[in-house]
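>>> model the structure of this input:
(one chain, ligands or ions: 1)
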Amino acid sequence: MVKIPARILVVDDEVDFAEMLSLRLKEVGEIVLSVHNGQDCLKTLEEKDNIDVVILDIKMPGMDGIEVLKEIRKKFPIVEVIMLTGHGSAETAVKGLKLGAYDYLMKPADFTDLAAKLEGARKRSDEHKERIRAAELKLLLRKTGEF
Ligand SMILES: [Mg+2]
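Residues are numbered from 1 along each chain as shown. Coordinates of the predicted model:
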């Protein structure tokens, strides 16, 4: 089966980490963009309306990951978010999950773990989009009087 690439946005203020992660994700066939702060994350989501999953660092200067997550949930409710948290920030992880993040990973993130969570996030995103398409189709058919 041909794998359909996920469109992923990596957000981390540690530039080396973000680039390394992006490279590995590209190697396994994903389409990846990376930015290094919250503002650029929101700007990118605004500009590219086809991002499936955001991998979001929580600890960033300026706008932190939790603030970014809240904005994503408000403005881009279909986008799935996987948080990257540091050790000892279990409370932040819980907070993020309650705010609607799909899942979280402790840094330094294990790639196999991340790949599995990405797969889950992408699946949820696909199913959600499929339900929207089905509802839109129903609406369209009703409008045209065929339903
Ligand atoms: Mg950071």
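>>> ranges for the strands of the protein?
Assigned by DSSP state E, the strands in the chain fall at 7-11, 31-35, 53-57, 80-85, 103-106.
>>> now the last one: mean pLDDT?
Right, the one you point to is strand 103-106. For strand 103-106, mean pLDDT is 94.
>>> got the CA positions of that strand in CSV?
What follows is strand 103-106, C-alpha atoms only, in CSV (Å, rounded to 0.1, in the frame of the first residue of the first chain):
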residue,chain,number,x,y,z
ASP,A,103,-1.0,13.4,22.8
TYR,A,104,2.4,14.3,24.2
LEU,A,105,6.0,13.1,24.2
MET,A,106,8.8,13.6,26.7
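>>> quick one: residues in contact with that strand.
Contacts to strand 103-106, defined as CB atoms under 8 Å, 6 or more residues apart in numbering, come from residues 82-87, 93, 96-97, 113-114, 117, 120-121. No exception for glycine: its C-beta is placed from N, CA and C like everyone else's.
>>> about what we covered before: dump the strands of the chain into JSON lines; add distance to the ion as well.
As requested, the strands of the chain are exported to JSON lines (distance: least, CB to the ion, whole Å):
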{"stretch": "strand 7-11", "distance to the ion": "9"}
{"stretch": "strand 31-35", "distance to the ion": "13"}
{"stretch": "strand 53-57", "distance to the ion": "4"}
{"stretch": "strand 80-85", "distance to the ion": "8"}
{"stretch": "strand 103-106", "distance to the ion": "13"}
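>>> format these as CSV; extra columns: distance to residue 43.
CSV is the format used below for those (distance: least, CB to CB, whole Å):
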stretch, distance to residue 43
strand 7-11, 11
strand 31-35, 8
strand 53-57, 13
strand 80-85, 16
strand 103-106, 24
